[in-house]
Structures are given as C-alpha cells and as structure tokens.
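Student: I'd like to go over a predicted model; first the sequence, then the structure.
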Amino acid sequence: MIVAYLPQKHNMIANTLISFICALQVETFRKVHGSAFATTMCTGNLRSATEQIAKYYIDKDKQAISKAIKYLMIIFCFIIGAIIGVFGVKYFSELSVIICSLVLVVVFIMMFWENEL
C-alpha cells in the first residue's frame, strides 16, 4: 500500500517493492490442490491447462480434465484481475495498487481461516 503514495520520482523504489512482494507471492503459493501453478504470471498455467487437456484426450484420464478446469479457473481469475486493473488505473491512477493490496490482505486472512477448519 505504501507504493500507492510514493511520488512518481520514486518509481524505482516502487518497482523494487512490488517485485519483492511478487517474489514472496511466487515462493509462498506454489500449489493448488496438489498441482503446481503460478500466481504472478499466466503462461505456465496456460501451458499446464493445455497439457492436461491433451492428456485427457490422448489417455482419457478423467483426473486430467479436472486439473485442466482448475488451471482454466486460475487463468479466468487472471483475466478478471486484468479487467479490474484497467478500470482501477483509469479511475484511481497510482492509487489502484491499493485494490491489489486489499485483495492480498483478504487472501492472507483466509489462509488462517482455512487452517482452522
């Protein structure tokens, strides 16, 4: 959230902070339901979804289509995030990074709720 309030002349610091947070996110969230996935980039997830779809068609592996659907749902979330980002930047400029921060705070809290169940 600090990045949202940094003046434009401190873009290098903002980029460094965001890159650091992305690195933490990549390292922390590596799997979903036992399958590897990427939280900060979409290309690996697209490759994995395509691989699972091919595995389903070639081997008739029903578990592969289930994994493909999970990857496609993750990709869909990336698309929704990009759309929200476009409108966020349009209406809030640099302050739109607060939207991302709030989502990450919610996810952080959910991690602890999930462990208590």
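Tutor: Yep, it's here. Predicted, not measured: the structure shown is a model, and the values here were computed from it. Numbers count the residues shown, from 1 in each chain.
Student: Output the below-cut-off pLDDT ranges for this structure.
Tutor: 114-117 (pLDDT under 70).
Student: List the buried residues of the single longest helix found in it.
Tutor: Scanning the chain for the longest helix, with DSSP state H as the assignment, gives helix 62-92. Within helix 62-92, the residues that qualify as buried are 64, 67-68, 70-72, 74-75, 78, 88, counting by 16 or more other C-beta atoms under 10 Å. C-beta coordinates here come from the backbone N, C-alpha and C atoms, glycine included.
Student: ok, now stretch 31-46?
Tutor: 37-39, 42, 45-46.
Student: follow-up on the earlier one: for the helix or strand just after the longest helix of the chain, name the packing helices and strands.
Tutor: Scanning forward in sequence from helix 62-92 by DSSP states H and E, the next helix or strand is helix 97-116. Here helix 97-116 touches helix 11-28, helix 62-92, going by 3 or more C-beta pairs under 8 Å, 6 or more residues apart in numbering; DSSP states H and E.
Student: secondary structure class for the residue nearest the centre of the chain?
Tutor: For the chain, the residue sitting closest to the mean C-alpha position, by C-alpha atoms, centre = their mean, is Thr39 at 3.5 Å. Classification of Thr39 using DSSP: H, G, I helix; E, B strand; the rest coil returns coil.
Student: That one against Phe29, yeah?
Tutor: Yes: using C-beta atoms under 8 Å, Thr39 makes contact with Phe29 at a distance of 4.7 Å.
Student: Phi and psi next, for the residue nearest to Ala36 when sequence neighbours are not counted.
Tutor: The shortest distance from Ala36 to any non-neighbouring residue, by C-beta to C-beta, 6 or more residues apart in numbering, is to Arg30 (6.2 Å). Here the main-chain torsion angles of Arg30 (degrees, to the nearest 10) amount to phi -110, psi -20.
Student: returning to what we had before: spatially, which two of the buried residues of stretch 31-46 are the most separated?
Tutor: The most widely separated members of those, counting by C-beta to C-beta, are Thr39 and Leu46 (13.9 Å).
Student: if we can go back for a sec, as TSV, the buried residues of stretch 31-46 with distance to Pro7 would be great.
Tutor: What follows is the buried residues of stretch 31-46, written out as TSV (distance: C-beta to C-beta, whole Å):
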residue	distance to Pro7
Phe37	36
Ala38	32
Thr39	29
Cys42	31
Asn45	35
Leu46	37
